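Asks: Quick one: sequence and predicted model below, then my questions.
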Amino acid sequence: MDDYGDCWPVDQWKHIVSVTDKNYSNGAQFGDPIVVMDETLHFSSYVNSLTLWRHNAALPDYQIYNATLNTTGAVYDLSVESWPAGSNRVTAIGNETDFSQTFGQSSSTITLHPEGHEYNDIYIGTADVPMPPTADVDIKLRRAKGVLVVFLENIPESADNLYVSVNNLYAAVDGAMNYSGVTSVTKEFEVTGTEMTMTIKLAPTVDAGDSVMNLTLVDANGSRDSRDITTVTINRNEVSGIRTRIEPTDNDGSVVYVYVNGEWNRVTPLHVTR
């Protein structure tokens with residue numbers, strides 16, 4: 001164990017991690033399939049794992065450790081007794097299960113969609129904790145992603161699997177919620193009927209612009225029917241929705257509605273690529 005020298009009593013100061021985004025900001029108006037959480041529940045109801053990354057500018061080391069969550073506490077009490085003197089930058093990441101894969105130590109960023117996968121509902125927050133302590137510290141965890149809900153109707157009976165792809169998404173985020181990079185995400189679903197509801201956790205659209213959602217249907221023989229459905233904007237801690245009905249006889253190939261500002265608005269689909 002590293003010897004950090006003298007330690008200071010910290011009992012008079014509170015050092016906690018709390019959850020700010022317990023629900024999506026528009027989750028209640030969206031309705032099913034978004035579950036609205038009771039915001040008085042304990043900490044681990046919203047964040048089921050917590051990874052802490054501590055760096056002291058005066059030392060070369062980076063300390064990474066997993067917190068043991070109390071299943072009844074409203075916040076996580078942060079233990080700082082053995083930290084070194086000076087300013088300690090603490091980044092807390094919720095719902096992180098493969099820290100070695102997603103954390104860039106040189107850039108202090110978390111990769112939100114490793115290898116183009118959906119990955120987890122990541123929470124992140126940061127604060128400077130001085131030693132000796134001089135004040136209370138509350139690291140507030142905010143949700144880094146939004147969620148896209150896709151309602152798909154009239155799926156061909158020949159389809160076995162389908163893929164939903166969304167492009168022009170941020171690739172990484174740091175503790176101060178600054179986004180960087182560009183990526184795309186693809187998620188595979190097994191076809192379970194002619195109507196399906198699918199959800200995908202996604203980083204925000206780059207510069208609050210447009211992302212394109214692509215749908216690919218695959219039948220038992222491996223034949224693929226791919227179509228760019230529409231543009232959509234993903235925002236942090238918000239729900240975005242697309243409702244589309246596949247119309248094989250329609251020149252556009254589908255009838256599409258996008259959920260914006262609490263209303264479903266019909267839009268002109270993009271194009272179908274056979």
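Replies: On my side now, so go ahead. Residues are numbered from 1 along each chain as shown.
Asks: Touching stretch 102-115 from outside, list them.
Replies: 53, 55, 62, 64, 91, 93, 96, 98, 101, 119, 122, 124, 144-145, 169-175, 180, 183, 185, 202-203 (CB atoms under 8 Å, 6 or more residues apart in numbering). C-beta here means a position set from N, CA and C on the backbone, and glycine is covered the same way.
Asks: Buried members of these into PyMOL, please.
Replies: To isolate the buried ones among the contacts of stretch 102-115 in PyMOL, judged by 16 or more other CB atoms under 10 Å, type:
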select buried, resi 53+55+91+93+96+119+122+124+144+145+169+170+171+172+173+174+175+183+185+202+203
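Asks: Out of the contacts of stretch 102-115, which sit inside strands?
Replies: Counting by DSSP state E, the contacts of stretch 102-115 place 53, 55, 62, 64, 91, 93, 124, 169, 172-174, 180, 183, 185, 202 in strands.
Asks: burial of Asp21, as a residue count?
Replies: A count of nearby residues for Asp21, using other CB atoms under 10 Å, gives 16.
Asks: Settle this for me: it is touching Leu141, isn't it.
Replies: Yes. Applying CB atoms under 8 Å, one finds Asp21 in contact with Leu141, separated by 7.5 Å.
Asks: anything in contact with each of the two?
Replies: Residues touching both Asp21 and Leu141 (CB under 8 Å, 6+ apart): Tyr123.
Asks: now Thr205: how far from Asn167?
Replies: Separation of Thr205 from Asn167 (CB to CB, to the nearest Å): 9 Å.
Asks: So if I had to pick from those two, which one is more boxed in?
Replies: Remark: of Thr205 and Asn167, Thr205 carries more neighbours, 22 against 17, as counted by other CB under 10 Å.
Asks: Who are the contact partners of that one?
Replies: Residues in contact with Thr205 (CB under 8 Å, 6+ apart) are Asn168, Leu169, Tyr170, Ser211, Val232, Thr233, Ile234, Asn235.
Asks: do the same with Ser45
Replies: Contact partners of Ser45, counting by CB under 8 Å, 6+ apart, are Met37.
Asks: What pLDDT is listed against it?
Replies: Looking at Ser45, its pLDDT is 94.
Asks: coming back round to it: what residues are shared contacts of Thr205 and Asn167?
Replies: Common neighbours of Thr205 and Asn167, using CB under 8 Å, 6+ apart, are Ser211.
Asks: I'd like to know which of the ones in strands among the contacts of stretch 102-115 is nearest to Asp160.
Replies: Closest to Asp160 out of these is Val185 (21.3 Å), distances taken as CB to CB.
Asks: Against Glu96, how distant is that closest one?
Replies: Between Val185 and Glu96 the computed distance is 17 Å (CB to CB).
Asks: What helix or strand is the residue lying closest to Glu118 once chain neighbours are set aside located in?
Replies: The shortest distance from Glu118 to any non-neighbouring residue, by CB to CB, 6 or more residues apart in numbering, is to Lys187 (5.2 Å). For Lys187, the host element (DSSP states H and E) is strand 183-190.
Asks: got the buried residues for that strand?
Replies: Of the residues in strand 183-190, Thr183, Ser184, Val185, Thr186, Lys187 count as buried by neighbour count, 16+ other CB under 10 Å.
Asks: next one: stretch 131-143
Replies: Buried residues in stretch 131-143 (16+ other CB under 10 Å): Met131, Pro133, Val137, Ile139, Lys140, Leu141, Arg142, Arg143.
Asks: cool, stretch 56-71 as well?
Replies: Using 16+ other CB under 10 Å as the test for burial, stretch 56-71 gives Asn56, Gln63, Ala67, Leu69.
Asks: Repeat that for stretch 75-84.
Replies: Neighbour counts over stretch 75-84 (16+ other CB under 10 Å) mark Tyr76, Leu78, Val80, Trp83, Pro84 as buried.
Asks: Could you identify the pair within those residues that is furthest apart?
Replies: With CB to CB as the measure, no two of the buried residues of stretch 75-84 lie farther apart than Tyr76 and Pro84, at 21.4 Å.
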